[in-house]
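Asker: Coordinates for the following, if possible.
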Amino acid sequence: MKLRSFFSLVILGIILSCSNDDDSTAPIVVTPDTEEESAPIADGRLVCENGFAGIFPCDDFDLMAQINLSQFGNSAGGNDIWGWTDPVTGTEYALFGHREGTSFIDISIPTEPRIVGFLPTETVASAWRDIKVYNDFAFIVSEAGGHGMQVFDLSLLRDVDPDQNITFTPSAVYTEFGNAHNIVINEQQAFAYAVGTSTFSGGPHIIDISDPLNPTFAGGFEGEGYTHDAQVVTYNGPDTEYIGREIYIGSNEDEVVILDVTDKANVLLISQVNYPNIGYTHQGWLTENHRYFIANDELDESNIGFNTRTLLFDFTDLDTPTFSGSFDGDTGAIDHNLYVKGNEVFLSNYTRGIRVADISGIASGNLFDTGSFDTFPSNNNTSFNGVWSIYPYFNSNNIIISDIDGGLFIIRRTGT
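Answerer: Just a heads-up that it's a prediction; the model follows:
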């Protein structure tokens with residue numbers, strides 16, 4: 001069952017209905033109605049107290065700042081997010097995707113983020129944009145027709161006056177495909193994987209980015225059809241047959257696919273795995289020991305009626321991966337992108353906001369929530385509003401969130 005067309009129309013209609021008419025220009029931190037509800041501390045954050053940081057429900061995460069959509073050119077919707085730390089200055093930047101393009105935000109003072117620049121979409125606006133980073137270059141794709149892959153030299157942000165909000169042009173554009181749903185990069189290897197393009201039946205379109213300003217076609221694979229999202233790693237897990245190989249894990253709408261992409265001209269299918277009650281196999285991430293894969297299904301909540309369901313797979317043997325169970329949430333909110341850092345998984349759950357779970361007991365299926373932050377306090381409905389994605393990998397412990405309706409949020413665990 002391939003649900004791509006139905007899914008795209010549903011989410012596009014909902015995102016297009018979202019707007020924000022606030023004309024303010026400074027970063028926003030929502031203040032509470034009462035001092036008892038939540039109060040700022042010395043560094044300017046809103047502490048999570050009594051279950052709230054300002055108006056936002058929370059558990060063990062404080063609100064550092066919010067930049068709403070109106071400050072990104074009156075954008076009609078946020079989408080993907082990624083992060084970059086300047087290796088020369090140590091400055092942390094949020095790379096925030098929205099319908100009109102990509103904005104770059106200096107978050108070195110997380111309570112006073114500053115928009116330093118904007119890279120417009122290559123063709124037209126789109127509800128879908130995706131961003132990854134390799135060697136201080138950002139690689140950006142979109143579902144916008146004819147967009148291709150933009151390449152942007154992030155070192156250009158280093159000398160920008162942060163009060164100017166400069167409009168940039170791309171450093172390079174790769175045009176061997178037009179629209180793409182996602183871009184995947186294994187940062188240990190100089191290759192990017194565009195997925196969901198019109199090439200290779202939507203499977204991985206592989207690009208050599210060893211010279212980022214001159215990206216070149218390297219290969220592709222169409223044997224398992226459309227990939228919605230993927231992760232690629234240099235494998236170092238329990239299956240000794242594949243140690244040192246470059247392994248691709250694709251979320252392919254109705255199954256998870258494992259490929260050996262070491263030889264870009266001869267991609268090999270290793271295995272496939274599915275699970276009960278498939279709605280739309282959306283995205284996932286390996287644990288750091290590469291033994292388990294944690295994934296999300298974007299339509300099982302609305303189509304089947306589950307509470308938020310996070311899928312668990314045992315990848316001990318890549319030739320025979322198995323579905324091992326699920327970790328269920330406390331509402332019917334739809335799940336979206338998730339990422340693993342250490343012994344925690346960071347879950348984007350649309351209207352429920354972000355949830356963080358301890359995965360140290362994943363071998364026995366014993367996951368448990370350790371915190372949350374709800375950027376969409378209106379409700380926890382089964383709808384496409386709220387959090388799109390999260391980036392938890394800054395050394396500072398700053399965590400950045402993209403919200404379809406609310407823009408950029410910066411949060412940090414209470415006490416850090």
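Asker: Dig out what residue 292 forms beta bridges with.
Answerer: residue 314 (DSSP bridges).
Asker: do the same with residue 309
Answerer: Beta bridges link residue 309 to residue 328, judged by DSSP bridges.
Asker: Identify the residues contacting it.
Answerer: With contacts defined as CB atoms under 8 Å, 6 or more residues apart in numbering, the neighbours of residue 309 are 296, 297, 300, 301, 326, 327, 328, 329, 335. Bear in mind the C-beta positions are built from the backbone N, C-alpha and C, glycine included.
Asker: if I've got this straight, residue 241 is in a helix?
Answerer: Yes: according to DSSP: H, G, I helix; E, B strand; the rest coil, residue 241 belongs to a helix.
Asker: burial count for the residue nearest to residue 362 when sequence neighbours are not counted?
Answerer: Distances taken as CB to CB, 6 or more residues apart in numbering place residue 292 nearest to residue 362, at 5.3 Å, with adjacent residues excluded. Residues lying near residue 292 (other CB atoms under 10 Å) number 23.
Asker: check contacts around residue 292.
Answerer: Applying CB under 8 Å, 6+ apart to residue 292 gives the contacts 286, 312, 313, 314, 315, 324, 359, 362, 363.
Asker: Just list the residues touching the third one, thanks.
Answerer: Shown here is residue 313, whose contacts under the criterion CB under 8 Å, 6+ apart are 256, 273, 275, 284, 292, 293, 294, 295, 321, 322, 323, 324.
Asker: which residues of this structure fall in helices?
Answerer: With DSSP state H, the ranges of helices along the chain come out as 4-16, 300-304.
Asker: Averaging pLDDT over each of those, report the lowest-scoring one.
Answerer: Here the lowest mean pLDDT among the helices of the chain goes to helix 4-16, at a mean of 44.
Asker: Span of stretch 144-160 from start to end?
Answerer: Chord length of stretch 144-160, first to last residue, is 28 Å (CA to CA, to the nearest Å).
Asker: so where's the protein uncertain?
Answerer: The chain contains residues with pLDDT under 70 at 1-42.
Asker: Return the residues in contact with the nearest residue to residue 268 once chain neighbours are set aside.
Answerer: Nearest residue to residue 268 in three dimensions, chain neighbours excluded: residue 260, at 4.3 Å (CB to CB, 6+ apart). For residue 260, the contacting residues are 242, 245, 246, 247, 248, 267, 268, 270, by CB under 8 Å, 6+ apart.
Asker: State whether the second one and residue 262 are indeed in contact, as I suppose.
Answerer: Yes: with contact taken as CB atoms under 8 Å, residue 245 and residue 262 are classed as touching, separated by 4.9 Å.
Asker: where's the closest residue to residue 195 other than its chain neighbours relative to residue 344, distance?
Answerer: Closest residue to residue 195 apart from its sequence neighbours, by CB to CB, 6+ apart: residue 227 at 4.0 Å. Distance, residue 227 to residue 344, using CB to CB, to the nearest Å: 26 Å.
Asker: Comparing the two, which shows the higher neighbour count?
Answerer: Ranked by neighbour count (other CB under 10 Å), residue 227 and residue 344 place residue 227 first, with 30 against 17.
Asker: which residues touch residue 367?
Answerer: Here residue 367 is in contact with 310, 312, 327, 345, 357, 358, 359, 361 (CB under 8 Å, 6+ apart).
Asker: what about the last one, neighbour count?
Answerer: Neighbourhood size, residue 361 [other CB under 10 Å]: 11.
Asker: what's the nearest residue to it if we skip its chain neighbours?
Answerer: Leaving out its chain neighbours, the residue that sits closest to residue 361 by CB to CB, 6+ apart is residue 367, at 6.6 Å.
Asker: Look up how far residue 357 lies from the one you found.
Answerer: Separation of residue 367 from residue 357 (CB to CB): 5 Å.
Asker: go on, residue 44?
Answerer: According to CB to CB, residue 44 and residue 357 sit 28 Å apart.
Asker: Please apply the same query to residue 273.
Answerer: Plainly put, residue 273 is 22 Å away from residue 357 if you go by CB to CB.
Asker: ok so, going back, among the contacts of residue 313, the buried ones, what's the ChimeraX command?
Answerer: Remark: buried members of the contacts of residue 313, expressed as a ChimeraX selection using 16 or more other CB atoms under 10 Å:
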select :256,273,275,284,292,293,294,295,321,323,324
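Asker: Might you report the residue contacts of residue 155?
Answerer: 86, 88, 136.
Asker: The first one against residue 158, yeah?
Answerer: Yes: judged on CB under 8 Å, residue 86 makes contact with residue 158 at a distance of 6.0 Å.
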